[in-house]
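Q: Have a look; sequence and predicted model below, questions after that.
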Amino acid sequence: MTAYLKLDHIDKSFARGNQVSEVLKDIRLTIDKGEFVSIIGHSGCGKSTLLNLVAGLTKVSAGAVLLEDKEVDSPGPERAVVFQNHSLLPWLTVYENINLAVSKVFGRSKSKAERHDWIMRNLDLVQMAHAKDKRPAEISGGMKQRVGIARALAMEPKILLLDEPFGALDALTRAHLQDAVMDIHSRLGSTTIMITHDVDEAVLLSDRIVMMTNGPAATIGEVLAVPLARPRRRVELSSDRTFLRCREAVLKFLYERHRFVEAAE
Amino acid sequence: MSIQTIEDTKVKAFPAKPAAVIAFTARARRRFDPLAIAGKLASALVPPIVVIALMLVVWQIACSSPTSSLPPPTQVWNEAYDLIAHPFFDNGPQDIGLAWRVLISLQRVAIGFGLAAIVGVALGALVGQSIWAMRGLDPVFQILRTVPPLAWLPLSLAAFRDSSPSAIFVIFITSIWPIIINTAVGVRNIPEDYRNVSRILRLNQFEFFVKIMVPAAAPYIFTGLRIGIGLSWLAIVAAEMLTGGVGIGFFIWDAWNSSRLPDIIVALAYIGVTGFCLDRLVAAVGAFVTRGTTAK
């Protein structure tokens, strides 16, 4: 069986004048349909670059991103991104922000009424239907991120890409949103790649955790499977053996074998 | 004061429900208190009125001597009373009220400035979007924008062979530079995230322009438009002095040639007030259109 998403020997380097800095080297990864994969690593290891490569926002230097055996090298709605800072358009209401995506993606295939229902269904999914006429400036950070997720889901993507989606949120809001993402993942079975630097978050949400070595020329150091049954509940897991073992494995990788050295930057 | 007394009596008359009564009067006071509104108006209006009155007094004293070359305010009032009191009279082709003349000048500004706004935003978007367009066009813009408005007039007279399109062209060429430059800065400052959103949605150039670029750059665009409208009002008066016609600028030139100094002073007041109103109009439209854009 061929993989749903395949990252095939990807290198990425940025050229600035005469200087060429190698960011990613020989990235090899396959992801199955419906899988939830987290990518974790220290800051500056190129994990956001990796996500941008999958999204098509930046081009690979060598190798290829294959989605269902087709090479992708430009961005598109079938690989929807939830950005760290939500990036909702501030002059549009919550509804209009999602409508921008829906009317572009489904402008031909769905009627106006169907598009409206689809927008409201996605807003319901993230429990934001009540704020549909508010502008992004009028809602909280957590709510903005919910709307960002709804906008991505409304594109009906083959792969959902989350770029540190909860990084800018406080701990409680973050927990709420993690639960919301788990719930959505179990309902829709969406294939998801999430960038994070939070170990607990990675273990709680993922089927597999991809651990990156430090840059320059970062690569995948280790891939850890998280054999926890779903649905997962954070309170029960906090003393679960498997959970703690996975957590320890990630921590050891990050803080013993690949300790972040500031001077190396 | 009388309102106060009535409210007091009410409270005393219904002691059973004091909270409700107090809540009602408190809200009522905030909404309809004529004293507070009058106070706000006074604090906004009294200082400029005092300053204007003082200026008039100083002017009166300075120009009262019989040898004075300029007329004092009383003489302006007496001799130009027709122009001040009847802005809309119409006694034939060259004898019309100042409001009509201002409107004719405004019409020229509307055409010239409107064209400048359309072309300026389009060119600004191009310069902001494309690094090569910027490298090529920016130096040209930076040089051309320093050319004074009237320096364009002989060329445009030669090109259009008619005074009215020449005046409109002068307005266009004067007001377009700040619009181009500000739009370009606004477009260059569009957050990378908005561009990424549009790339993921595969918006085409036109959709990106209408749905992302113009709203995102709107605060900058309106700054440019506001500078532009001020410049075009400066330019029209000067251009009309030279091209003739029935605008407010030519009126001043005409009054100077027939030594009607009081008329010139009244016309200056008209020009100033109109320019002020234009500026505020564009600022108000900008504030309305960009509401929500600046808030993150």
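A: All right, it came through fine. Numbering: from 1, shown residues only, chains lettered A, B, ... in the order given.
Q: burial count for the residue of the stretch 151-265 of chain A found nearest chain B?
A: Residue of the stretch 151-265 of chain A nearest chain B, by C-beta to the nearest C-beta: residue A:155 (7.7 Å). C-beta: built from backbone N, CA, C; applies to glycine. Neighbourhood size, residue A:155 [other C-beta atoms under 10 Å in any protein chain shown]: 23.
Q: residues in contact with the closest residue to residue B:94 other than its chain neighbours?
A: Closest residue to residue B:94 apart from its sequence neighbours, by C-beta to C-beta, 6 or more residues apart in numbering or on different chains: residue B:246 at 7.1 Å. When contacts are counted by C-beta atoms under 8 Å, 6 or more residues apart in numbering or on different chains, residue B:246 touches B:93-94, B:96, B:100-101, B:104.
Q: List just the nearest of those residues to chain A.
A: Chain A lies nearest to residue B:104 out of the contacts of residue B:246, by C-beta to the nearest C-beta, at 36.8 Å.
Q: Just read off the phi/psi values of that closest one.
A: Backbone torsions of residue B:104, given as degrees, to the nearest 10, read phi -70, psi -40.
Q: Model confidence for it, exactly?
A: Residue B:104 carries a pLDDT value of 89.
Q: re the thing from before, quick one: the closest residue to the residue of the stretch 151-265 of chain A closest to chain B other than its chain neighbours from residue B:67, how far?
A: Sequence neighbours aside, residue A:77 is the residue nearest to residue A:155 in space, at 4.1 Å (criterion: C-beta to C-beta, 6+ apart). Distance, residue A:77 to residue B:67, by C-beta to C-beta, to the nearest Å: 81 Å.
Q: if you count what's nearby, which of the two comes out ahead?
A: Taking other C-beta under 10 Å, residue A:77 and residue B:67 do not tie; residue A:77 has more neighbours (20 against 4).
Q: residues touching the more buried one, list them.
A: Contacts for residue A:77 (C-beta under 8 Å, 6+ apart) come out as A:101, A:104-105, A:155-157, B:200-202.
Q: and if you look at residue B:194?
A: With C-beta under 8 Å, 6+ apart, residue B:194 has these contacts: A:87, A:89, B:212, B:216.
Q: Same question for residue A:96.
A: Neighbours of residue A:96 in contact, by C-beta under 8 Å, 6+ apart: residue A:89.
Q: hang on, it is in a helix, isn't it?
A: Yes: checked against DSSP: H, G, I helix; E, B strand; the rest coil, residue A:96 lies within a helix.
Q: Surely residue A:223 is within a helix?
A: No: under three-state DSSP, residue A:223 sits outside any helix and is assigned strand.
Q: Three-state assignment for residue A:134, please.
A: Secondary structure for residue A:134, judged by three-state DSSP, is coil.
Q: Can you give me the pLDDT of it?
A: On the pLDDT scale, residue A:134 is placed at 92.
Q: Residue B:141 too?
A: Looking at residue B:141, its pLDDT is 92.
Q: Relative to chain A, how far out is it?
A: According to C-beta to the nearest C-beta, to the nearest Å, residue B:141 and chain A sit 28 Å apart.
Q: again, but for residue B:153
A: The gap separating residue B:153 from chain A is 40 Å, by C-beta to the nearest C-beta.
Q: check contacts around that residue.
A: Taking C-beta under 8 Å, 6+ apart, one finds B:166, B:170, B:239, B:242-243 in contact with residue B:153.
Q: Chain neighbours aside, what residue packs nearest to the residue most central in space within chain A?
A: For chain A, the residue whose C-alpha lies nearest the mean C-alpha position (C-alpha atoms, centre = their mean) is residue A:162; its distance is 1.9 Å. In space, and not counting its chain neighbours, residue A:162 is closest to residue A:194: 4.1 Å by C-beta to C-beta, 6+ apart.
Q: got it, and residue A:110?
A: Using C-beta to C-beta, 6+ apart, the closest residue to residue A:110 is residue A:118 (6.5 Å).
Q: The host helix or strand of that neighbour: which residues count as buried?
A: Secondary structure assignment for residue A:118, by DSSP states H and E: helix A:112-125. By neighbour count with 16 or more other C-beta atoms under 10 Å in any protein chain shown, helix A:112-125 contains the buried residues A:115, A:118-119, A:122-123, A:125.
Q: Who are the packing partners of it?
A: Applying 3 or more C-beta pairs under 8 Å, 6 or more residues apart in numbering or on different chains; DSSP states H and E, one finds that helix A:112-125 contacts helix A:94-105, helix A:141-154.
Q: Off-centre distance for stretch B:138-157?
A: Distance of stretch B:138-157 from its chain centroid, counting by C-alpha atoms, centre = their mean, to the nearest Å, is 22 Å.
Q: picking up where we left off before, OK, contacts around the residue of the stretch 151-265 of chain A closest to chain B?
A: A:77-78, A:80, A:101-102, A:105, B:200-201.
Q: now with 6 Å?
A: By C-beta atoms under 6 Å, 6 or more residues apart in numbering or on different chains, the residues touching residue A:155 are A:77, A:80, A:101, A:105.
Q: How about residue A:120?
A: By C-beta under 6 Å, 6+ apart, the neighbours of residue A:120 are residue A:129.
Q: Then residue A:209?
A: Residues near residue A:209 by C-beta under 6 Å, 6+ apart: A:38, A:40, A:202, A:224.
Q: From those, which land in helices?
A: If you go by DSSP state H, the contacts of residue A:209 have residue A:202 in helices.
Q: Mind putting the contacts of residue A:209 into JSON lines with pLDDT and distance to residue A:187?
A: Formatted as JSON lines, these follow (pLDDT from 0 to 100; distance: C-beta to C-beta, whole Å):
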{"residue": "A:38", "pLDDT": "95", "distance to residue A:187": "19"}
{"residue": "A:40", "pLDDT": "93", "distance to residue A:187": "25"}
{"residue": "A:202", "pLDDT": "93", "distance to residue A:187": "21"}
{"residue": "A:224", "pLDDT": "93", "distance to residue A:187": "25"}
